[in-house]
Every structure is written in structure tokens, then in C-alpha cells.
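*Asks:* for reference, the sequence and a predicted model appear below.
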Amino acid sequence: MEIAITTFKGLEQVLADELKVLGAKDIAIGVRAVTCFGDKELLYRANYELRTALRVLIPFHQFIARDIDTLYQKIRAYNFSHYLRPDDTFAIDVVAHSEYFTHSQFVIHKIKDGIVDRMRAVFGVRPSIDTENPDFRLNVRITGDMVTLSADSSGDSLHKRGYRTKTVSAPMSEVLAAGLVFLSGWDRRSMFIDPMAGSGTIPIEAGMMAASIPPQFCRKRFAFHRWKNFDKHLWKKVVSEAVQKIKYDLPPIFASDKSRIAVDNIKTNMEKLPFRNGIITSHFDFFNVKQENATIIMNPPYDERMKVSDVYRFYEDIGTHLKHKCSGSDAWIFSSNAQAMKYIGLKPLKKHILFNGPLECRFNGYRLFSGSLKETKQNKLQE
């Protein structure tokens, strides 16, 4: 069967690489999505084990529509009885990138009308809407005039891992945090540091990777649990095999922040996860401590009350500290402030463009040497 998995823009290749590990076939990369083919076991594993997936969808029908009346008629003409019974509940999610359909709520309303009118005409009764815990969740993607209907096997977005109960303002998505760790190339054995950790999403995702903890370890419910063809025994097998791979000891992973509240939140957010020695949390200012021979990932805070000159000075200070106090490390900075990133003052070896919601962000990687790059190269030649 065909499976479509959505993700953040910029993480499509990372998601495709994850799918290869799971054994998916005929993988094709799109925009904010990757498609592949696999069986029911792959569907279950994709939901439970993919770290950069937002939703796992099963496309089942496509048609062309350029106006709301055509959309309604096409929906009303389709037989949804394979997915939806008259006494079931359902919900509709719409993602539209189309000049023909610009009001998503009105689109949802007309699709609902088409389904309900069809069911009432055939069965004499109609299914009800339940946005919280429906029996069937319909995903509708409209690109231009092409409408794709898919069964959403995930339910809640897969970024909702279930471990994060305490957050700071504007917390980073777990899916995006996992993507940053993947893109950094961290080997999952050496030291890892997030010196501006906030609620700890980046180091916790890194720890889950290093320990092979399934990203949905804390989650108990998926939409496919309510499908007619749900295979309870296969699902238990998928979960059991994934949990058996967990490693309870971690490499040195440090999560720190200058806010004591943030550090307390990190500790709380780790409580549901099976870390034996845990992530090392600490309360200190990034600029006061050396951080050498590690992989460093940071998402510097941006305070809108700061003057522009102060923001630029802040990023300049980050670059200075990295250069003089973090030798031997690979440092990665994630930020939506492209202009401020120029003040880091270091030449990035790698650059990625990612999107955090509508915000275009930079994720730049820097290799930090002790002394100049020229001196480092000369020392290696002499070894």
C-alpha cells in the first residue's frame, strides 16, 4: 500500500533516510512529505519509530476541483463506507496550497456536508463530528486543483510525544528538534551539549536517539487503533521489538540554561523516559563555561524587547565564546534571524534552510579549532 508521511519543510531527506532504515520501498521525496510503499507493519512502525514524521497517511482517492461546488459534488459521489459507518464519528483536517481554495474552514464545512449528505441518502442516518477522538480522521490535501483524500493513521500530530509536560515560551517542536540532531551528524556516543536548552526538547530528543527509545514511547493512542482492520497482535509485536532495543545508559548529554525554572522543567520532562543515568542538567550561563570536544546545538533566545543592536551583539558574543572557549567542538546554531546570524563571525562549514512553522530559519554548523584553521591543518600533516 502507498503511505505518505508529512514533515517540516527542510527535513524531507532526513525522513526519507529514516524510512530506508525501516525497510520502506519506492521512497519518493516531495515538499513537506515523503511517500513510500509498505505493509501494515511498516504503517505501525512508521507511527511508533519515525522521529521526523508529523503524520502517517494512507492516500485512497484523488480528483480535480477548481471550485467549492465541484469539491462538494466529488466528495458526495465517493463511497466512504470502507472507512466510515453511519454510527461512527469523524474529523477532517485540510491542508490547502491552492489559488482555488483559500478559506480552509469553509472547505472543511463543504467536505463535511458532502460526506454527511451521502451517508444520510444511503443509510438514512448520518455520522457525527468528533474533533477530539474520532473513529475516522480524514486528511484532505489540496495542491492547486488536485485534491487528495487520505486516512490519517496517526490521530494527534506525532510531535506530541507525551513526555513534555512543562514548557517555556515558544517551545520547539519535538520533530524539528529531532531533525536538528540528525542534521548535526552527532555520532550518539560522544559528548552532546545544549547550553540554551529551554524546556530541554533538543537534548531529550538526542538522548532518546542515543538510547534507541522510540519517539512515541509515552504515547498510548493512535488513530489506526480504531480502524476495522486493526491488528492488535501485530501492534504488540512492533512495540515489543522496538522497546527491546532500548539502551539504558547514555553518553554524556548536558542540558543547561541560565533560567532555574527552565532547568526544573527539563528534569520534569525527563521523568517519563527510561534514562538510567539521565541527561545531566545544570543552571549556568553559556558565556561563563567552557564547552570543548562536544557536539553543541543551540537555539538562541530572541527577546522582542531587545534593541536590534543588542541582538547583534548577543550573536557576536556567541561567536566569540565558541571561538575561544569551545575548541574541538562542532557547534550548530538554529535561528530565524538571518541578519543576526551574520554576526556570529565564524565561517559555517554546513548550512541548512529549515522552516519552523511559517518562519524560514538557518541551521549553520561550525567546526571549532584550537588556534587557526591553518595551524590545525599543519599540525595534522606533522602527525
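*Replies:* Yep, it's here. Residues are numbered from 1 along each chain as shown.

*Asks:* could you use CA atoms for every contact and neighbour count after this?
*Replies:* Fine.

*Asks:* what helix or strand is residue 149 on?
*Replies:* strand 146-152 (DSSP states H and E).

*Asks:* give the buried residues for that strand.
*Replies:* Of the residues in strand 146-152, those buried by neighbour count under the rule 16 or more other Cα atoms under 10 Å are 147, 148, 149, 150, 151, 152.

*Asks:* again with stretch 243-261
*Replies:* Buried positions in stretch 243-261, judged by neighbour count with 16+ other Cα under 10 Å: 246-248, 250-259.

*Asks:* tally of neighbours for the nearest residue in space to residue 328 that is not next to it in sequence?
*Replies:* For residue 328, the nearest residue in space outside its immediate sequence neighbours is residue 293; the separation is 4.4 Å by Cα to Cα, 6 or more residues apart in numbering. When counting by other Cα atoms under 10 Å, one arrives at 17 neighbours for residue 293.

*Asks:* in contact with residue 293, which residues?
*Replies:* Neighbouring residues of residue 293 by Cα atoms under 8 Å, 6 or more residues apart in numbering: 191, 326, 327, 328, 329, 330.

*Asks:* and the second one, what does it touch?
*Replies:* Taking Cα under 8 Å, 6+ apart, we find residue 326 in contact with 290, 291, 292, 293, 368.

*Asks:* how about CSV for these, with secondary structure, distance to residue 31 and pLDDT added?
*Replies:* Compiled in CSV, the contacts of residue 326 are given as follows (DSSP: H, G, I helix; E, B strand; the rest coil; distance: Cα to Cα, whole Å; pLDDT from 0 to 100):
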residue, secondary structure, distance to residue 31, pLDDT
290, coil, 40, 88
291, coil, 37, 89
292, coil, 37, 91
293, coil, 36, 94
368, coil, 33, 95
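
*Asks:* which one of those residues is nearest residue 201?
*Replies:* Taking Cα to Cα as the measure, residue 291 is the one of these closest to residue 201, at 19.5 Å.

*Asks:* how about that closest one, phi and psi?
*Replies:* phi -140, psi 80 (degrees, to the nearest 10).

*Asks:* ok, now residue 190?
*Replies:* Torsion angles at residue 190 (phi, psi; degrees, to the nearest 10) stand at phi -90, psi 180.

*Asks:* again, but for the one 4 residues further on
*Replies:* Comment: the main-chain dihedrals of residue 194 come out as phi -120, psi 100, following degrees, to the nearest 10.

*Asks:* burial check on it, number of neighbours?
*Replies:* Here the number of neighbours of residue 194 (other Cα under 10 Å) works out to 27.

*Asks:* look up how far residue 164 lies from it.
*Replies:* As defined by Cα to Cα, to the nearest Å, residue 194 lies at a distance of 17 Å from residue 164.

*Asks:* repeat that for residue 72.
*Replies:* 40 Å.

*Asks:* need the helices for the stretch 251-383 of the chain, in chain order.
*Replies:* Here the stretch 251-383 of the chain has its helices, by DSSP state H, counting those that start in this stretch, at 260-269, 308-325, 338-341, 373-382.

*Asks:* and the average pLDDT for the last one is what?
*Replies:* On average, the pLDDT along helix 373-382 is 45.

*Asks:* turn the helices of the stretch 251-383 of the chain into TSV, including distance to residue 282.
*Replies:* Putting the helices of the stretch 251-383 of the chain into TSV (distance: least, Cα to Cα, whole Å) gives the following:
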stretch	distance to residue 282
helix 260-269	7
helix 308-325	18
helix 338-341	26
helix 373-382	32
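
*Asks:* looking at these, which is buried most?
*Replies:* helix 260-269 (a mean of 20; mean count of other Cα atoms under 10 Å).

*Asks:* next one: that one to chain centre, how far?
*Replies:* Taking the mean C-alpha point of helix 260-269 and that of its whole chain, the gap between them comes to 21 Å (Cα atoms, centre = their mean, to the nearest Å).

*Asks:* elements contacting it?
*Replies:* Counting by 3 or more Cα pairs under 8 Å, 6 or more residues apart in numbering; DSSP states H and E, the packing neighbours recorded for helix 260-269 are strand 253-257, strand 280-283.

*Asks:* would you put the C-alpha positions of that helix in PDB?
*Replies:* Backbone C-alpha positions of helix 260-269 (Å, rounded to 0.1, in the frame of the first residue of the first chain) are rendered in PDB as follows:
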ATOM      1  CA  ARG A 260      16.300  27.900  37.100                       C
ATOM      2  CA  ILE A 261      12.700  27.400  36.000                       C
ATOM      3  CA  ALA A 262      13.900  26.100  32.600                       C
ATOM      4  CA  VAL A 263      16.200  23.600  34.300                       C
ATOM      5  CA  ASP A 264      13.500  22.400  36.600                       C
ATOM      6  CA  ASN A 265      11.200  21.900  33.600                       C
ATOM      7  CA  ILE A 266      13.900  19.800  31.800                       C
ATOM      8  CA  LYS A 267      14.100  17.500  34.900                       C
ATOM      9  CA  THR A 268      10.300  17.100  34.900                       C
ATOM     10  CA  ASN A 269      10.100  16.400  31.200                       C
END
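
*Asks:* got the angle between it and strand 253-257?
*Replies:* For helix 260-269 against strand 253-257, the angle by axes from the mean of the first three to the mean of the last three Cα atoms, to 10 degrees is 140 degrees.

*Asks:* who's in contact with helix 260-269?
*Replies:* 163-168, 197-200, 255-257, 281-283.

*Asks:* which two of the residues you listed have the greatest separation?
*Replies:* Maximum pairwise distance among the contacts of helix 260-269 (Cα to Cα): 21.3 Å, between 163 and 283.

*Asks:* run a quick neighbour tally on residue 198.
*Replies:* Neighbour count of residue 198, defined by other Cα under 10 Å: 30.

*Asks:* how about the contacts made by it?
*Replies:* When contacts are counted by Cα under 8 Å, 6+ apart, residue 198 is found next to 167, 168, 171, 256, 257, 259, 262, 263, 266.
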